[in-house]
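Undergrad: Sequence and predicted model, in that order:
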Amino acid sequence: MTKKQPSAPKSSSVLTQRSSGVLLHPTSLPGPYGIGDIGPAADTFLKFLAESKQRLWMMLPTSPTSVGEFHSPYSSYSAFAGNPLLISPDRLVESGACSALAAASFASRCRGKNPLRVDFRKVAPHKERFLREVFDQQKTKSSVKRGLDRFRSEQSWVEDFALFTSLRKSQGKPRSEWTRELRVKNQKNAAQLTKTLSDQIEFEIYCQMIFFEQFTALKKKANQQGIAIFGDLPIYISDDSADVWASPQFFSLDKEKRPTLLSGCPPDAFATTGQLWGHPIYDWAALKRDNFSWWVDRMRTVMQLADVVRIDHFRGLAAYYAVPYGSKTAEHGKWYKCPGDGLLSAFQQAFGSVPVVAEDLGFITDDVHQLRDSFNLLGMRVLQFGFGADGYNTNIHAPFNVSPQSAIFTGTHDNDTAKGWLGSVSAEERKRMFTLMGKPPRSEFERAFVRLALSTPAKLAITPLQDILGLGSTGRMNRPGFARWDNWSWRFNDSLKSSVAWLGEITEATGRAG
């Protein structure tokens, strides 16, 4: 008898039924190429998710990361493109695009001293060189040319992205430092640049074609096993991006094509001068006049790769804080209203539903709640935030107060691991927590913490893999506000077999197994 395959998950079902998943960025997967990718190790991880009865794989943004040593997933030069660093050499070998010998040679060049860290400074240039070698061997094949033509017709953004990226590499400096003539796209410069940079443009489009082929194949495998891909969408995009260059009409720019306003957040107890993030602010009036077509196209592209999407800094869709360009701090910014209801309505019209989880952490006001609730979106809760002394009885992150209309995380990519966090909590917080969950043996704390999160009323429960593996602070993904070489670089090489049984049992016992 043929074993019945699980049906592909629908975004509506994983957002309305009790379910759970694991947060792991593909760069953190093990493998021989210095960085995790969407190849065989991703298939192995899907098997772990299915065996432990998880229904979601949550990733950080999969867009191209900034040039430099840090490569934050939240610092990208495209709102549409995929990250070539995630392309799997093994899949290229399987497809016949390159030889096993070429992949092995690449592996030897980018192998780092520490298999638990991605050395982006080493990996990034070697991977681009490897992909370029593959492209140079493939570009004259008629099948590849047909594939590129088809991909161009399917992805309307890719020509602008490829032209900008090629120009960016030829200039060797950010868009803001280019000559005024080059700073944004126009018909005259685009035609000439396309001719001059044609070979590099073809290479950039080839990398995007391969990324989308490999990622959509991974998503299909996930869906066939009843697992949804949970994506992440940063609300803002870099000034040094294909989007600002090709669509300047949708951003607040001056006559010199530089931003007039920058993103950030106001001063608070944690940052006395506020936080200056530095992204250009959207021209929301122009976006609204155009029926939010740029945003709809962006979401449509993201939904090729994900079943559910978290919108980072969702509060910026109700009202956003903006600082004048040239400010050194975020102290003198202002709040501006945003037509987020119009944007979400446009999503609803285009897709029939809004498959979105709202990241509603931080300084949240009633208008943010109203926007979230009017579209029946899930909000976010973080268990690590649930035991503080201030307003404990009404704390929305406390397990007994967690709303069913939410996604609870034991911690996010910006938090310490559960084990690392436990070493920093006060005696009072520890007492509250252990009163609720019992006082487990130290070696069992992470499992008990995961059990507590999955036991809450929240529709979704997401656990970073580091907490499943019981890792300390060395497994932390990011330390916000610090430009550290080891941010975003964590990888694992532990076997997941020992976690399958207990995680599956907890998932089933808390009604999240589907």
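TA: Here it is on my side, so go on.

Undergrad: What pLDDT does the model give the residue most central in space within the chain?
TA: Geometric centre of the chain, nearest residue: residue 61, 1.8 Å, by Cα atoms, centre = their mean. Model confidence at residue 61, given as pLDDT, is 97.

Undergrad: what about it, which SS state?
TA: coil (DSSP: H, G, I helix; E, B strand; the rest coil).

Undergrad: Would you mind listing the residues in contact with it?
TA: 73-74, 76, 231-234 (Cβ atoms under 8 Å, 6 or more residues apart in numbering). For the C-beta atoms, the positions are set from N, CA and C on the backbone; glycine is no exception.

Undergrad: which one among those residues gets closest to residue 340?
TA: residue 233 (13.6 Å; Cβ to Cβ).

Undergrad: show me what contacts that closest one?
TA: 61, 298-299, 302, 309-312.

Undergrad: I'd like to know how far it sits from residue 165.
TA: Look at residue 233 and residue 165: by Cβ to Cβ, to the nearest Å, they are 20 Å apart.

Undergrad: where does the chain dip in pLDDT?
TA: 1-13, 67-69, 483 (pLDDT under 70).

Undergrad: Just give me the longest helix of it.
TA: helix 198-224 (DSSP state H).

Undergrad: Could you list the paired strands of the helix or strand that it is followed by along with their orientation?
TA: With elements assigned by DSSP states H and E, the helix or strand that comes after helix 198-224 is strand 228-233. With DSSP bridges as the test, strand 228-233 is paired with strand 56-58 (parallel), strand 308-311 (parallel).

Undergrad: what distance separates whichever helix or strand comes after the first one from the middle of the whole chain?
TA: Going down the chain from strand 56-58, the next helix or strand is helix 89-95, by DSSP H and E. Using Cα atoms, centre = their mean, to the nearest Å, we find the averaged C-alpha position of helix 89-95 to lie 24 Å away from the chain's own average C-alpha position.

Undergrad: what distance separates the start and the end of stretch 306-313?
TA: Start-to-end span of stretch 306-313 (Cα to Cα, to the nearest Å) is 19 Å.

Undergrad: Identify the residues contacting it?
TA: 9-11, 14-15, 56, 58-59, 74, 219, 223, 228-236, 299, 302-303, 317, 355-359, 380, 407.

Undergrad: For the stretch 251-400 of the chain, which segments count as helices?
TA: 284-289, 293-302, 340-351, 366-374 (DSSP state H, counting those that start in this stretch).

Undergrad: just the strands paired with strand 228-233: most buried one?
TA: strand 56-58 (a mean of 25; mean count of other Cβ atoms under 10 Å).

Undergrad: any idea how far residue 83 is from residue 464?
TA: 20 Å.

Undergrad: ok, residue 383 - contacts?
TA: Residue 383 touches 397, 399, 408-411, 449, 452-453, 456, counting by Cβ under 8 Å, 6+ apart.

Undergrad: In helices, which of those residues appear?
TA: Counting by DSSP H, the contacts of residue 383 contribute 449, 452-453 to helices.

Undergrad: can you put those in CSV and add distance to residue 48 and neighbour count?
TA: Formatted as CSV, those follow (distance: Cβ to Cβ, whole Å; neighbours: other Cβ atoms under 10 Å):
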residue, distance to residue 48, neighbour count
449, 19, 24
452, 22, 21
453, 19, 28
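
Undergrad: quick one: residue 243 from residue 300, how far?
TA: 15 Å.

Undergrad: When the two are compared, which one has more neighbours?
TA: residue 243 (25 against 14; other Cβ atoms under 10 Å).

Undergrad: where exactly do the strands run in this structure?
TA: 19-23, 56-58, 228-233, 261-265, 275-280, 308-311, 319-324, 334-337, 356-358, 379-382, 406-409, 460-464 (DSSP state E).

Undergrad: can you list contacts of the fifth one?
TA: The set of residues that contact strand 275-280 without belonging to it, under Cβ under 8 Å, 6+ apart, is 236-239, 244, 251-253, 259, 261-265, 323, 327-330, 481.

Undergrad: in it, what counts as buried?
TA: 275-280 (16 or more other Cβ atoms under 10 Å).

Undergrad: possible to save the strands paired with strand 228-233 as JSON lines with distance to residue 111?
TA: Formatted as JSON lines, these follow (distance: least, Cβ to Cβ, whole Å):
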{"stretch": "strand 56-58", "distance to residue 111": "26"}
{"stretch": "strand 308-311", "distance to residue 111": "33"}
